[in-house]
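J.: Fold the stuff below for me.
(one chain, ligands or ions: 1)
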Amino acid sequence: MAGKPLAERIRAEVAEEVRSLGHVGLTTVLVGEDPASEIYIGLKQKAAAEAGIEATDVRLPVTVGEDELLAEVARLNAADDVDGLLVQLPLPDHVDEERILAAIEPAKDVDGLHPFNAGELYLGRPRLVPATPIGIMALLNEYRVELDGADAVVIGRSDIVGKPIAHLLLQANATVTICHTHTRDLARATLEADVLVVAAGRPAFVSPDMVKTGAAVVDVGINRTDAGVVGDVDPGVADVAAYFTPVPGGVGPMTIACLLQNAVRCAYIRRRT
Ligand code: NAD
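T.: Okay, here's the model as predicted:
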């Protein structure tokens, strides 16, 4: 399940919508100089600009105080030309991440991490949902993977991937199992999975003997190792699975494309309210 062709199509559609809307603004806020975060912000900024989105890159020093960051979020919440607003995670230890995320105006919450948007998803009324799970659902749909009645297993329970993808799969009528670090027998669960989504952040830890023949396997992991960037799933799984997303080139490009889609969604939500 290559992500690039579909991601390119979505990005072209986003560019079209931006043209018809006239203006869509996306502001990213980066605190400090974490190298991985710098790469992600660079990719998001470049993709947004290519789609005709007015992308603004706010950088703050690692020493920024929580109140100063809250004041910056308040300023961007009030700025009329900002449709989508995201604060890149992780934040430095001295800043309360939950407090910052809760301060973002829900209609501008392009990452879908505000408690209001997370609650809407939980209630089955997805409004702004994190980009990675939206991208995974789009990929499964593109490759016509049957979800209704399927056994779906998600490894990972983070707010940005594991929990939201589990909810979207549930809303697509899959029978969903969520596994995490306290799961006693991971392989017992994964071997039952028709659809397996892996978002654990552990290089190549899902091996071919943990996967049911003919399953659809989505590898969300991005792990920087001496051998380069690898996923959470051993590439040998491709011999067992019917569908398998490569790393890189699978979920990663979909995340960027769906973030741009969310920025457009923010623009529509703001025009309606
Ligand atoms: P996280 O660290 O917040 O969560 C990891 C989850 O995996 C936890 O819930 C934990 O319980 C579970 N887990 C960890 N080790 C496990 C094990 N051995 N057995 C069972 N469960 C285990 O991570 P995250 O933010 O959800 O990201 C997960 C991975 O996905 C990372 O590699 C991250 O870089 C990547 N990621 C990729 C994209 C993308 O666009 N491709 C987007 C977001 C995250």
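J.: pretty sure Ala189 is touching Ile178, no?
T.: No - under the criterion of CB atoms under 8 Å, Ala189 makes no contact with Ile178, lying 9.3 Å away. For the C-beta atoms, the positions are set from N, CA and C on the backbone; glycine is no exception.
J.: any shared contact partners between those two?
T.: Common contacts of Ala189 and Ile178, defined by CB atoms under 8 Å, 6 or more residues apart in numbering, comprise Val153.
J.: mind listing the helices for this structure?
T.: Taking DSSP state H, the helices of the chain run over residues 4-21, 35-50, 66-78, 97-103, 115-122, 131-142, 162-171, 186-190, 251-272.
J.: Residues contacting the fifth one, please?
T.: So the one you mean is helix 115-122. 101-102, 106, 109, 112, 126-129, 159, 163-164, 167-168.
J.: now these: which count as buried?
T.: Buried residues within those, counting neighbours by 16 or more other CB atoms under 10 Å: 101, 106, 109, 112, 126-129, 159, 163-164, 167-168.
J.: if we can go back for a sec, dump the helices of the chain to JSON lines, plus mean pLDDT.
T.: JSON lines is the format used below for the helices of the chain (pLDDT from 0 to 100):
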{"stretch": "helix 4-21", "mean pLDDT": "98"}
{"stretch": "helix 35-50", "mean pLDDT": "97"}
{"stretch": "helix 66-78", "mean pLDDT": "98"}
{"stretch": "helix 97-103", "mean pLDDT": "98"}
{"stretch": "helix 115-122", "mean pLDDT": "98"}
{"stretch": "helix 131-142", "mean pLDDT": "98"}
{"stretch": "helix 162-171", "mean pLDDT": "98"}
{"stretch": "helix 186-190", "mean pLDDT": "98"}
{"stretch": "helix 251-272", "mean pLDDT": "97"}
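J.: circling back: which one of the contacts of helix 115-122 sits closest to the ligand?
T.: For those, the minimum distance to the ligand (CB to the nearest ligand atom) is 7.7 Å, reached by Asp159.
J.: Is that closest one in contact with Asp111, as I believe?
T.: No - between Asp159 and Asp111 there is no contact under CB under 8 Å: 9.8 Å.
J.: Need the overlap of contacts for those two.
T.: Applying CB under 8 Å, 6+ apart, one finds that Asp159 and Asp111 are jointly contacted by Pro130.
J.: Just the C-alphas of stretch 40-50, formatted as CSV.
T.: The C-alpha trace of stretch 40-50 is given here as CSV (Å, rounded to 0.1, in the frame of the first residue of the first chain):
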residue,chain,number,x,y,z
TYR,A,40,8.7,17.5,10.4
ILE,A,41,8.1,21.3,10.6
GLY,A,42,10.2,21.7,7.4
LEU,A,43,8.1,19.1,5.6
LYS,A,44,4.8,20.6,6.7
GLN,A,45,5.9,24.1,5.8
LYS,A,46,7.1,23.1,2.3
ALA,A,47,4.0,21.0,1.5
ALA,A,48,1.7,23.8,2.7
ALA,A,49,3.4,26.4,0.6
GLU,A,50,3.3,24.1,-2.5
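J.: which residues does Pro164 contact?
T.: With contact set as CB under 8 Å, 6+ apart, Pro164 has these partners: Gly112, Ala118, Leu121, Val129, Pro130, Pro133.
J.: Okay, it and Asp111: tell me how far apart.
T.: Distance, Pro164 to Asp111, using CB to CB, to the nearest Å: 11 Å.
J.: anything in contact with each of the two?
T.: Contact criterion CB under 8 Å, 6+ apart; residues shared by Pro164 and Asp111: Pro130.
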